[in-house]
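Student: got a predicted structure plus its sequence, pasted below:
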Amino acid sequence: MAGQQQKQQHVDIHRKLSIRKPLLEHAASTGAFFVPFIGDGDIAVELYKDRQVYGADLDKKRVAKAKRRLPGATIVPADCDSWPFPGLEEPFALADFDAYSYPYDSFRAFWANAQVESPLVLFFTDAQRQAMERTYHYRSPDGQKVAIERDINRMREVYNFYWLRTVLPWFEEFIKPWRIVTSKKYLRGGILYWGVVIERAAPEKPKKAGRKEPKRENRKKFDATKKEEFLQLLREGKRRSTAARAVGVVPETVSRHAKRYPAFADAMSRAETEADDQVEDALFEAARSGNVTAQQVWLYNRRPERWSDRRNLRLTGEKGGPIQVEQNVKVFGPEDLQPALEALLTSGAIHVNPDKG
């Protein structure tokens, strides 16, 4: 049993590191790192040693161990759901809420009290989907206890779309006027691991006194605003032609812009990939919650060497090419008829009634 637990812990830390490394490079070049729920300091030791670390944990023994492993860090025994460093003015470039089950009390306390840099990197470990499965209850990111009606289909719907319909919309609204630059997540064993890079939105420029109001926008022009609206529609799964008409331009205008501006073409591809990723996430969650069809689709595509639909057989010729069919057809003439009849009579396949000649 101890060996299994050690192996599981190793796998978990590997996954946690893998989601953090791609986003870590986006952290502001100045600023400290905040690590509540620091435990033994495993993540901080692997990734954060080159920055000033402020950490906390309720377990005093683990705090002492983390201090030994991170001698330059400031780590205190504290309730991580509250802000453990009142009066601290040093700004933060990263905060890592690797909670045991619910990270949002700690995040809200951090957001209300800490000085932060832009861009800011945030990581979360959220196990509320486990609570859904076990008790049909969970805590929403704003701290409310939410009950799910005791119907397995309803529970699966809330469970499968927890990130897209609960966490992400709340977070985007909560951090305004900040915005998400990029994000990364994975789901494993009822736990949602996710991270984001956010940045402070630029303030609007004040209008000069006596300045005339700008002319009414030409809705036929494919400007920056329309491009962002178009990209958002792609993220929501709309086709390019449908998204173009929805923002008031013809599809040919979008094609011309994509050819002229490679950065815009890349943005379109990324937006469509985001839509595909959402479908893939939903498919995985549906498969994980017991949908057999979703399980088949996932395994047939992700592990075709082990899982395939045996009913779908594809016959090919040499090197995957078409099958070559050769037909040998013999044409019979009158001279062949007598030998053929004699062969049939000899075999007994037919016989002649002498009474009828």
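Tutor: Great, that's in hand.
Student: so what's the residue count around residue 29?
Tutor: Residue 29 has 6 neighbours, counted by other CB atoms under 10 Å. To be clear about C-beta, it is placed using only N, CA and C from the backbone, and glycine gets the same treatment.
Student: helix, strand, or coil at the residue nearest to it when sequence neighbours are not counted?
Tutor: Of all residues not flanking residue 29 in the chain, residue 93 sits nearest, at 7.7 Å (CB to CB, 6 or more residues apart in numbering). Under DSSP: H, G, I helix; E, B strand; the rest coil, the three-state class of residue 93 is strand.
Student: and residue 93, how many neighbours?
Tutor: Neighbours around residue 93, by other CB under 10 Å: 22.
Student: and if you look at residue 279?
Tutor: Neighbour number of residue 279 under other CB under 10 Å is 10.
Student: one more: the one 10 residues further on?
Tutor: Here the number of neighbours of residue 289 (other CB under 10 Å) works out to 18.
Student: and if you look at residue 52?
Tutor: 15.
Student: follow-up on the earlier one: tell me how far the residue nearest to residue 29 lies from residue 285.
Tutor: Distance, residue 93 to residue 285, by CB to CB, to the nearest Å: 32 Å.
Student: try residue 254
Tutor: 32 Å.
Student: ok, back up a step: tell me if I'm right that the residue nearest to residue 29 and residue 52 touch.
Tutor: No - if you go by CB atoms under 8 Å, residue 93 and residue 52 don't touch, sitting 9.9 Å apart.
Student: which residues of the stretch 101-250 of the chain fall in strands?
Tutor: All strands of the stretch 101-250 of the chain, identified by DSSP state E, counting those that start in this stretch, fall at 116-126, 137-139, 145-147, 179-188, 191-199.
Student: so where's the stretch 251-357 of the chain uncertain?
Tutor: 309-321, 323-357 (pLDDT under 70).
Student: so where's the stretch 51-200 of the chain shaky on pLDDT?
Tutor: Using pLDDT under 70, nothing in the stretch 51-200 of the chain is flagged.
Student: show me where it has its helices.
Tutor: For the stretch 51-200 of the chain, helices defined by DSSP state H, counting those that start in this stretch occupy the ranges 60-69, 104-113, 128-135, 152-160, 168-174.
Student: can you say which of those is packed in most?
Tutor: The highest mean neighbour count among the helices of the stretch 51-200 of the chain, using mean count of other CB atoms under 10 Å, belongs to helix 104-113: a mean of 18.
Student: before we move on, the earlier item: in JSON lines: the helices of the stretch 51-200 of the chain, plus distance to residue 28.
Tutor: As requested, the helices of the stretch 51-200 of the chain are exported to JSON lines (distance: least, CB to CB, whole Å):
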{"stretch": "helix 60-69", "distance to residue 28": "24"}
{"stretch": "helix 104-113", "distance to residue 28": "16"}
{"stretch": "helix 128-135", "distance to residue 28": "29"}
{"stretch": "helix 152-160", "distance to residue 28": "35"}
{"stretch": "helix 168-174", "distance to residue 28": "19"}
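Student: so which of the ones you listed is nearest residue 192?
Tutor: When these are compared by CB to CB, helix 128-135 sits nearest residue 192, at 6.4 Å.
Student: so which elements touch that closest one?
Tutor: Packing contacts for helix 128-135, counted by 3 or more CB pairs under 8 Å, 6 or more residues apart in numbering; DSSP states H and E, involve strand 137-139, helix 152-160, strand 191-199.
Student: got the angle between that helix and strand 179-188?
Tutor: 40 degrees (axes from the mean of the first three to the mean of the last three CA atoms, to 10 degrees).
Student: who touches helix 128-135?
Tutor: Identification of contacts with helix 128-135 by CB atoms under 8 Å, 6 or more residues apart in numbering yields 101-102, 137-139, 148, 155, 158-159, 162, 187, 189-192.
Student: again, only using 7 Å
Tutor: 102, 137, 138, 139, 148, 155, 158, 159, 162, 190, 191, 192 (CB atoms under 7 Å, 6 or more residues apart in numbering).
Student: what's the angle from it to strand 191-199?
Tutor: 150 degrees.
Student: return the set of buried residues in stretch 275-286.
Tutor: Residues 278, 281, 283, 284, 285, 286 are the ones in stretch 275-286 that count as buried (16 or more other CB atoms under 10 Å).
Student: identify the residues contacting stretch 154-170?
Tutor: 129, 132-133, 136, 140-142, 148, 185, 192, 278, 282, 285-286, 289.
Student: export that stretch as PDB, just CAs?
Tutor: Output of stretch 154-170 as PDB, limited to C-alpha atoms (Å, rounded to 0.1, in the frame of the first residue of the first chain):
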ATOM      1  CA  ARG A 154     -28.400  16.100 -13.900                       C
ATOM      2  CA  MET A 155     -25.300  15.400 -11.800                       C
ATOM      3  CA  ARG A 156     -23.300  14.300 -14.800                       C
ATOM      4  CA  GLU A 157     -24.300  17.500 -16.700                       C
ATOM      5  CA  VAL A 158     -23.100  19.700 -13.800                       C
ATOM      6  CA  TYR A 159     -20.000  17.500 -13.400                       C
ATOM      7  CA  ASN A 160     -19.100  17.400 -17.100                       C
ATOM      8  CA  PHE A 161     -19.400  21.100 -17.600                       C
ATOM      9  CA  TYR A 162     -18.100  22.400 -14.200                       C
ATOM     10  CA  TRP A 163     -15.100  24.200 -15.800                       C
ATOM     11  CA  LEU A 164     -17.000  25.700 -18.800                       C
ATOM     12  CA  ARG A 165     -20.200  26.700 -17.100                       C
ATOM     13  CA  THR A 166     -19.200  27.300 -13.400                       C
ATOM     14  CA  VAL A 167     -15.600  28.100 -12.800                       C
ATOM     15  CA  LEU A 168     -14.500  29.900 -16.000                       C
ATOM     16  CA  PRO A 169     -17.500  32.400 -16.200                       C
ATOM     17  CA  TRP A 170     -17.200  33.200 -12.500                       C
END
